[in-house]
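Trainee: Got a sequence here, can you build the structure:
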Amino acid sequence: MKKLLKSGIEAGNKVKAVREVVKTYNTQKQDMYDATSEILEPSIDAQKSVKKSIDEKQDEVIKQLQENQKALTEGIGNIVEANQRAITFEEELPKAIEGPDEPKRELSILDVDNNFNKDDRIILNNYNLMKPSKLTQVPPQRLLEERQKTVEIAKATGGKKDRKKYQMKTKNRMT
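Mentor: Numbering: from 1, shown residues only. Okay, the predicted model is just below:
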């Protein structure tokens, strides 16, 4: 019996030792976890702040996309409205070109030979220039000669700027 008692005590001691090893193991495991969390805490905090900033940026991008989508749909509505206005404008354009319905006026015939002021008639007579109605009846070469002649007269009289000088010259010629 002594042997049996001794072996029971030894078995109890071994169980106790195993329990102590498991308890030590669990304590060391918890200590390692605590040490690891202390070491990794700055990294975890950095990851949390990065995640937060990414979420904020993502929210801003989503908000901007929603605004852009709203602007696009409003813009499409404006384009549709502008197209409808353009179609209406195209329908009304011929009316605008033709003008409002007004009574037709009688055509008046322009008398090209007598539709000059006094000064112009003096110039035509003094320089023996052809009357405008006859210009359509002359050959092209003669027309070029008349044109050159009028250019020379314009240079000599100074064009329309110095007409008073010319009137004075013509009055002197007439007297």
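Trainee: Show me how this protein divides into domains.
Mentor: Described in terms of automatic domain parsing, the domain architecture of the chain consists of the residue ranges 45-96, 118-174.
Trainee: Comparing those, which comes out most buried?
Mentor: Mean neighbour counts were taken over the domains of the chain using mean count of other C-beta atoms under 10 Å, and the top value, a mean of 12, falls to domain 118-174. The C-beta positions use only the backbone N, C-alpha and C, and glycine is treated the same way.
Trainee: what about that one, average pLDDT?
Mentor: The predicted model gives domain 118-174 an average pLDDT of 71.
Trainee: Run through the helices of this protein in chain order.
Mentor: For the chain, the helices identified by DSSP state H occupy 2-98, 118-126, 132-135, 140-157, 163-174, in order along the chain.
Trainee: Enumerate every residue touching Asp45.
Mentor: Asp45 makes no contacts at all, as judged by C-beta atoms under 8 Å, 6 or more residues apart in numbering.
Trainee: from now on call the first residue 48
Mentor: Got it, the first residue is 48 from now on, which makes the last one we talked about Asp92.
Trainee: In terms of pLDDT, where does it sit?
Mentor: The confidence metric pLDDT takes the value 89 at Asp92.
Trainee: follow-up on the earlier one: can I get the domains of the chain in a markdown table including distance to Glu57?
Mentor: Converted to a markdown table, the domains of the chain look like this (distance: least, C-beta to C-beta, whole Å):
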| stretch | distance to Glu57 |
| --- | --- |
| domain 92-143 | 52 |
| domain 165-221 | 140 |
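Trainee: what's the distance between the most centrally placed residue in the chain and Glu192?
Mentor: When C-alpha atoms, centre = their mean is applied to the chain, the residue found nearest the centroid is Gly122 (13.3 Å). Counting by C-beta to C-beta, to the nearest Å, the separation of Gly122 from Glu192 is 65 Å.
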